[in-house]
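**Student:** sequence first, then the predicted structure:
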Amino acid sequence: MEQPADASSDPLHAQVGALRYLVLMMLQRLDADGYASIAEITAGVKGDRAHLDPGLPDHALVDATFRETLAILELAAHKH
């Protein structure tokens, strides 16, 4: 049986993880300093997603991007 690949040895996974971490930290700092509200950003993303055209090329990818964006925002909201 083949073992799953070790994600820690994949530079792309590390880069995505680093970017996700930086985005979380920036969102939390902006929210804490009063420059941007995570709740308002979340509402905006949800609104944009609700108006997403189902006939859009690559709809599945775009919707997955919205899901990941909302997951990051939810994590940011619960970290501080």
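**Tutor:** Noted; the coordinates are in hand.

**Student:** top helix in this structure by residue count?
**Tutor:** helix 11-32 (DSSP state H).

**Student:** could you name the helices and strands sitting against that one?
**Tutor:** Helices and strands touching helix 11-32, by 3 or more Cβ pairs under 8 Å, 6 or more residues apart in numbering; DSSP states H and E, are helix 38-50, helix 59-78. In short, each C-beta sits where N, CA and C put it, glycine included.

**Student:** what is the burial count for the nearest residue to E74 once chain neighbours are set aside?
**Tutor:** Nearest in space to E74, with sequence neighbours left out and distances taken as Cβ to Cβ, 6 or more residues apart in numbering, is T42 at 7.6 Å. By the criterion of other Cβ atoms under 10 Å, T42 has 18 neighbours.

**Student:** pLDDT score for T42?
**Tutor:** Looking at T42, its pLDDT reads 97.

**Student:** repeat for L70
**Tutor:** L70 is given a pLDDT of 96.

**Student:** one step back: buried stuff in the longest helix of the chain?
**Tutor:** 24, 27-28, 31 (16 or more other Cβ atoms under 10 Å).

**Student:** now do it, average pLDDT.
**Tutor:** Rounded mean pLDDT across helix 11-32 is 94.

**Student:** can I get that helix in PDB? Just the C-alpha atoms.
**Tutor:** Only the C-alpha atoms of helix 11-32 are listed here, as PDB (Å, rounded to 0.1, in the frame of the first residue of the first chain):
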ATOM      1  CA  PRO A  11       6.900  23.700  -1.700                       C
ATOM      2  CA  LEU A  12       3.500  24.600  -3.200                       C
ATOM      3  CA  HIS A  13       1.700  23.400   0.000                       C
ATOM      4  CA  ALA A  14       4.100  25.300   2.100                       C
ATOM      5  CA  GLN A  15       3.600  28.500   0.000                       C
ATOM      6  CA  VAL A  16      -0.200  28.200   0.200                       C
ATOM      7  CA  GLY A  17       0.000  27.600   4.000                       C
ATOM      8  CA  ALA A  18       2.200  30.600   4.400                       C
ATOM      9  CA  LEU A  19      -0.100  32.800   2.400                       C
ATOM     10  CA  ARG A  20      -3.100  31.600   4.300                       C
ATOM     11  CA  TYR A  21      -1.300  32.400   7.600                       C
ATOM     12  CA  LEU A  22      -0.300  35.900   6.400                       C
ATOM     13  CA  VAL A  23      -3.900  36.600   5.300                       C
ATOM     14  CA  LEU A  24      -5.200  35.500   8.700                       C
ATOM     15  CA  MET A  25      -2.700  37.700  10.500                       C
ATOM     16  CA  MET A  26      -3.400  40.700   8.300                       C
ATOM     17  CA  LEU A  27      -7.200  40.300   8.700                       C
ATOM     18  CA  GLN A  28      -6.900  40.100  12.400                       C
ATOM     19  CA  ARG A  29      -4.700  43.100  12.600                       C
ATOM     20  CA  LEU A  30      -6.900  45.200  10.400                       C
ATOM     21  CA  ASP A  31     -10.000  44.200  12.400                       C
ATOM     22  CA  ALA A  32      -8.300  44.900  15.800                       C
END
